[in-house]
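Undergrad: Below are the sequence and a predicted model for it; my questions follow.
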Amino acid sequence: MTDQLPIPEIAERPGRVARVVLDTPILHLDQEFDYRIPDGIDGVAPGVRVSVPVAGRQVSGWVVEVATSSSHAGRLSPLGRLVSPVPVLTTEVLQLCRDVARSFAGSVPDVLRLAIPARQARIEAAADLTPRAVASVEAPAGGWEEYIGGPALLRHLREGSSPRAIWTALPGVTGARPTWVQDLRSAVLATLASRRRVLVIVPTIREVEQVHAVLGQLAPAVRYHGDLKPAARYRAFLAILAGHVDIVVGTRSAAFAPVPDLGLAVLWDPEDDHLTEQHAPYPTALGVVAHRRSCAILVGGLGRSVVAQQLIADGWALPVGAGRAAVRERAPRVEAPDHGDLRGESSRLPSAAFRLVREGLERGPVLVHVPRAGYLRSVRCAACQAVVRCRHCGGPLDILPTGAVRCGWCGRSQVVTCPSCGSGRLAAFSVGSERTMDEIARAFPGVRVVLSNARVGITATVEDHPALVIATPGSEPLADGGYAAALILDAAVATARPELDTGVVALDRWLTALALVRPAASGGRAMILGNPDPAVSQACVRWDPAGFAQRELEERADLRFPPAWRLVRFTASAAALGQVAADLERADLPRLELLGPVEGRLLARVPRQHGRDLLARVRALQVERSGRKEEVVRVRVDPSDL
């Protein structure tokens with residue numbers, strides 16, 4: 001668009017029009033404005049930062065095009081000043097930001113603020129921005145023979161093509177690092193051999209360090225993440241922009257990194273909540289990477305997200321995983337005893353688990369995996385403890401003080417029976433996951449105990465000596481050669497949450513922990529305790545994340561949940577939500593379903609094939625409300641905390 005605020009000025013001369021995207025949170029200003037480039041301002045080019053007049057004040061922005069003319073009927077305002085001559089916004093990143101804004105019903109400026117770090121003039125002045133070519137690297141033929149489709153994937157990368165794959169990695173520890181990092185090395189080496197660069201996105205700084213330590217030996221590499229100090233982050237950004245590094249390793253913000261000659265974008269563990277942006281429009285790292293064009297994409301994990309499974313079902317990517325024989329060879333033996341197996345024992349550490357730990361301590365360290373702190377609540381069947389949902393919309397239920405059962409989404413009161421056993425008895429299941437860990441230590445006096453969590457500090461590694469290592473999800477230390485045994489405690493805390501992604505997240509966290517245990521052939525054993533959801537625990541026992549993801553996707557299609565359906569959550573006052581609901585109903589979107597409003601929330605969902613229509617209407621609605629200066633309505637697309 002070329003709309004222009006009416007500030008009278010002389011007409012521009014040919015070839016001196018800058019098309020600018022404003023850096024503003026005001027939604028109805030999310031468009032491109034034309035400005036005349038006055039004489040005396042040189043260096044204006046696509047991608048540079050500028051300052052322009054808007055309603056009597058100067059606003060920052062990015063030049064997206066320098067044109068010879070404008071379609072604006074009136075006179076153009078002059079560009080205020082050139083903030084920096086460095087083209088920090090590349091054509092590829094601009095297109096990526098536009099695509100992400102469209103997919104998450106957000107504004108392009110909001111996404112650009114996520115993509116481009118704040119300018120550091122001192123760092124910029126000292127930077128060498130001379131472009132450099134990709135270093136020459138030799139890659140051996142072969143590799144990934146244990147993975148079905150793995151050798152073909154590496155061959156395509158070496159030949160310079162751009163395949164897309166969903167990679168289910170094998171468990172294990174190689175030396176002092178997870179085996180998946182060593183496997184990733186082969187894919188990166190194959191890409192570098194084609195004279196193309198690599199971008200790797202992982203959930204946490206800890207994994208950045210693990211990956212960088214291995215990949216940094218192959219070619220010039222840089223760490224790039226939001227925890228860097230502003231100067232260091234901008235220095236890394238400029239090095240990436242100029243092509244001074246061939247490998248970029250970072251967290252979610254690195255998904256927008258302006259890597260030239262990008263050959264492979266890798267996203268590890270997309271189910272991790274660290275990979276969801278906490279600022280509007282709240283894109284996920286997978287949602288960003290999936291819009292990368294002209295490069296290979298590898299989405300990997302020990303588990304498999306339902307969104308990744310949907311991408312396979314769509315034909316967007318092909319699965320790459322090991323056969324059953326290879327999985328059995330590398331995975332520990334996992335047990336998930338029920339009440340019958342435990343002969344009625346109600347202790348947190350029943351006798352079977354006590355024996356497993358005691359025998360494990362004779363051979364090395366034992367991992368005890370405990371859930372995060374917090375208070376969790378959901379409605380379950382009192383007979384079989386299966387999670388029960390609304391029979392109308394599939395939403396989470398709540399038991400009111402009167403005893404009535406009401407849906408938290410559509411607000412309907414109802415009589416519900418358990419879909420698993422048919423019982424009509426429901427119970428509010430709640431667990432406090434903050435528990436003392438002393439009881440486990442007291443059961444094994446004289447054994448060294450290592451605590452690892454965000455509160456007391458995360459331990460990186462432990463030696464191959466007897467020790468009880470008690471860790472929360474994501475803070476499990478690496479044991480040299482792997483753990484001799486592992487326990488997953490209080491499993492119900494992880495699987496009883498009412499959120500939509502509960503099962504997938506729990507399985508992903510458990511597999512991540514159990515992947516650090518020695519293979520069954522080397523004596524590695526593990527046990528899941530504490531009344532887990534049987535579907536999740538059995539997927540863990542079978543080490544079958546792909547099968548679980550497929551079943552979850554089929555169930556969500558039946559229940560009309562994302563990603564099979566696209567869903568938008570609106571949060572605002574009841575009056576504003578009423579206006580939004582009325583507008584969406586007037587839009588006559590195909591198969592639109594509205595749920596609520598209930599307690600300040602409104603849900604709108606449509607089948608996946610109509611998702612673009614819904615998101616386009618939502619964005620247009622937001623722009624219209626902004627232009628009329630109406631109450632702000634918060635929008636989340638396919639929120640993971642449903």
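TA: Received, thanks.
Undergrad: Make sure V368 is indeed in a helix.
TA: No: per DSSP: H, G, I helix; E, B strand; the rest coil, V368 lies outside any helix segment and is strand.
Undergrad: For L267, see how far away it is.
TA: From V368 across to L267, the span is 30 Å (C-beta to C-beta, to the nearest Å). C-beta coordinates here come from the backbone N, C-alpha and C atoms, glycine included.
Undergrad: higher neighbour count, the two?
TA: More neighbours surround L267 than the other of V368 and L267, with 28 against 24 (other C-beta atoms under 10 Å).
Undergrad: Can you name the element that comes right after the helix or strand in which the more buried one is found?
TA: Element membership for L267, per DSSP states H and E: strand 262-268. Scanning forward in sequence from strand 262-268, with DSSP H and E defining helices and strands, the next element found is helix 285-289.
Undergrad: which residues are contacting that next one?
TA: For helix 285-289, the external contacting residues (C-beta atoms under 8 Å, 6 or more residues apart in numbering) are 96, 100, 103-104, 201, 252, 255-256, 265, 267, 270, 275-276, 297, 299, 305, 307-308.
Undergrad: Just the ones of those residues in helices?
TA: Judged by DSSP state H, the subset of these located in helices is 96, 100, 103, 307-308.
Undergrad: Take these and write them to a markdown table, including pLDDT.
TA: Rendered in a markdown table, the data for those read as follows (pLDDT from 0 to 100):
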| residue | pLDDT |
| --- | --- |
| L96 | 98 |
| V100 | 98 |
| S103 | 96 |
| V307 | 96 |
| A308 | 97 |
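Undergrad: Can you tell me the strand partners of the strand holding L267 and which way each runs?
TA: When pairs are called by DSSP bridges, strand 262-268 turns out to pair with strand 197-201 (parallel), strand 296-301 (parallel).
Undergrad: Provide the partner residues of A526 in its beta bridges.
TA: Beta-bridge pairing for A526 (DSSP bridges): V334, A486.
Undergrad: Distance-wise, check it relative to L286.
TA: Shown here: A526 relative to L286, a distance of 28 Å by C-beta to C-beta.
Undergrad: okay, the two: which has more neighbours?
TA: Neighbour tally, A526 and L286, criterion other C-beta under 10 Å: the higher count belongs to A526, 28 against 22.
Undergrad: I'd guessed the more buried one sits against L489; true?
TA: No: look at A526 against L489 with C-beta atoms under 8 Å: they stay out of range, at 11.5 Å.
Undergrad: where does the nearest residue to A460 once chain neighbours are set aside land on pLDDT?
TA: If the residues on either side of it in the chain are set aside, A460 comes closest to P477, at 6.0 Å by C-beta to C-beta, 6 or more residues apart in numbering. Looking at P477, its pLDDT stands at 95.
Undergrad: Hmm, P477 is touching T459, no?
TA: Yes: under the criterion of C-beta under 8 Å, P477 is in contact with T459, at a separation of 4.3 Å.
Undergrad: what residues are shared contacts of the two?
TA: 450, 452, 469, 471.
Undergrad: Just the mean pLDDT for stretch 236-249, thanks.
TA: Summarised as a single mean, pLDDT over stretch 236-249 is 98.
Undergrad: Report the distance from it to the chain centre.
TA: Distance of stretch 236-249 from the chain centroid (C-alpha atoms, centre = their mean, to the nearest Å) equals 22 Å.
Undergrad: Could you tell me which residues make contact with the closest residue to A616 other than its chain neighbours?
TA: Take A616 and drop its neighbours on the chain: the residue closest to it by C-beta to C-beta, 6+ apart is R102, 7.7 Å away. With contact set as C-beta under 8 Å, 6+ apart, R102 has these partners: 612, 615-616, 619.
Undergrad: closest to N531 among those?
TA: Sorting the contacts of R102 by distance to N531 puts L615 at the head of the list, at 39.3 Å, by C-beta to C-beta.
Undergrad: so is D34 in a helix, a strand, or just coil?
TA: For D34, the secondary structure call by three-state DSSP comes out as strand.
Undergrad: if we can go back for a sec, who has more neighbours out of P477 and T459?
TA: In terms of neighbours (other C-beta under 10 Å), P477 is the more surrounded of P477 and T459; the figures are 19 against 16.
Undergrad: can you map out the helices along the stretch 101-250 of the chain?
TA: Assigned helices in the stretch 101-250 of the chain, in chain order: 108-115, 121-126, 150-159, 179-193, 205-215, 230-242 (criterion: DSSP state H, counting those that start in this stretch).
Undergrad: Then the stretch 351-500 of the chain?
TA: With DSSP H, counting those that start in this stretch as the criterion, the stretch 351-500 of the chain has helices spanning 351-361, 438-443, 491-495.
Undergrad: What lies in contact with the helix or strand following the shortest one?
TA: Toward the C-terminal end, the helix or strand that comes next after helix 491-495 (DSSP H and E) is helix 502-514. Outside of helix 502-514, the residues that reach it under the criterion C-beta under 8 Å, 6+ apart are 171, 269, 271-273, 301-303, 305-306, 331-332, 334, 367, 369, 471, 473-474, 476, 486, 488, 491, 494-496, 499, 526, 528, 532-533, 535-536, 539-540, 543, 545, 548-549, 552.
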